[in-house]
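Novice: Structure for this input, please:
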Amino acid sequence: MKGKFAGKVAIVTGAGTGIGRGIAKALATEGANVVVADLILDTGTKTAKEIDSLGIQSLFIPVDVRSRDQVNQMVRKTVEKFGGIDILVNNAGVSSIAPILEMSEDDWDFNMDVNAKGTFLCTQAALKEMMKRGTGGRIICISSIAGKFGNKYYSHYSASKFAVIGFVRSVAMEVIENQITVNAICPGRVATSMEEREIGWEAKLTKTSIEEIKKAYIQSVPIGRLETPEDVAKVVVFLASDDAAYITGDAIEVTGGMYLGS
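Specialist: Predicted coordinates for the structure are as follows:
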């Protein structure tokens, strides 16, 4: 199959649903062989089968990005199957909602461990293979607009996503001589099952209806609609391509104009 990434190999974490699924399918459409890394067997397998139907090779690997052993195994299996890694998309992420005075230590650790530590572990493991191979690479980390601006009731989530951006900007300086670029994407209000859960949590916490929360979300986006996983995936495809070879250490907002002028 022809495309921007014909013959290349991509790992996408959290690829079973939502943004990750959109990214995995977009990379496959451009010819990349895709490792679908996800904690959930059913959704991960489904995404892999959808990629196979495009005539592209996929490999589903169940992985908890909080575990160094599982992450290292993911990278090892990828190299055994495909011979190397060209693209890593750190997409796996979680969220929860809690006012700061009610937030538990477990809430804090859950967000930080998946969103920040998981990004670190996957990046470190993939970089070792990319640098050993010596042919460059692309690392793209999904942060959030909450990684640039605070978000009420999401201080733990926002802190984890700020951490991702700081991590990206630091690592980019370390690996630039190896022709490896490292960038972040900061989506806004994306219509996914995760956001549906967040809307429900926020409605309950603020004693507001789900319909009112959804209306407020849309009104906060100047373009006038919620973001789709495909909106994010298109930017991933760009950053992973040769067209973006001169971009590294950046955190690109994909939000439909939220926070314009800020």
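Novice: what about the strands in the stretch 51-200 of the chain?
Specialist: 58-62, 87-90, 137-142, 180-187 (DSSP state E, counting those that start in this stretch).
Novice: any idea which of those strands is most buried?
Specialist: Highest mean neighbour count of the strands of the stretch 51-200 of the chain: strand 87-90, a mean of 29 (counted as mean count of other Cβ atoms under 10 Å). In short, each C-beta sits where N, CA and C put it, glycine included.
Novice: quick one on the thing from earlier: so can I have a markdown table of the strands of the stretch 51-200 of the chain showing distance to residue 12 and mean pLDDT?
Specialist: Shown next, in a markdown table, are the strands of the stretch 51-200 of the chain (distance: least, Cβ to Cβ, whole Å; pLDDT from 0 to 100):
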| stretch | distance to residue 12 | mean pLDDT |
| --- | --- | --- |
| strand 58-62 | 10 | 98 |
| strand 87-90 | 4 | 98 |
| strand 137-142 | 9 | 98 |
| strand 180-187 | 13 | 98 |
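Novice: JSON lines please, covering the ones you listed and showing distance to residue 50.
Specialist: Below are the strands of the stretch 51-200 of the chain laid out as JSON lines (distance: least, Cβ to Cβ, whole Å):
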{"stretch": "strand 58-62", "distance to residue 50": "8"}
{"stretch": "strand 87-90", "distance to residue 50": "16"}
{"stretch": "strand 137-142", "distance to residue 50": "20"}
{"stretch": "strand 180-187", "distance to residue 50": "21"}
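Novice: Nearest to residue 27, out of those strands?
Specialist: Nearest of those to residue 27, taken as Cβ to Cβ: strand 87-90 at 6.9 Å.
Novice: Go ahead and confirm residue 147 touches residue 186.
Specialist: Yes. Counting by Cβ atoms under 8 Å, residue 186 is a contact partner of residue 147 at 5.7 Å.
Novice: Name the residues contacting each of these two.
Specialist: Residues touching both residue 147 and residue 186 by Cβ atoms under 8 Å, 6 or more residues apart in numbering: 161, 165, 251.
Novice: Now tabulate those residues in JSON lines and tack on neighbour count, pLDDT and distance to residue 214.
Specialist: Supplementary listing: the shared contacts of residue 147 and residue 186 in JSON lines, determined by neighbours: other Cβ atoms under 10 Å; pLDDT from 0 to 100; distance: Cβ to Cβ, whole Å:
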{"residue": "161", "neighbour count": "29", "pLDDT": "98", "distance to residue 214": "22"}
{"residue": "165", "neighbour count": "20", "pLDDT": "98", "distance to residue 214": "28"}
{"residue": "251", "neighbour count": "21", "pLDDT": "98", "distance to residue 214": "27"}
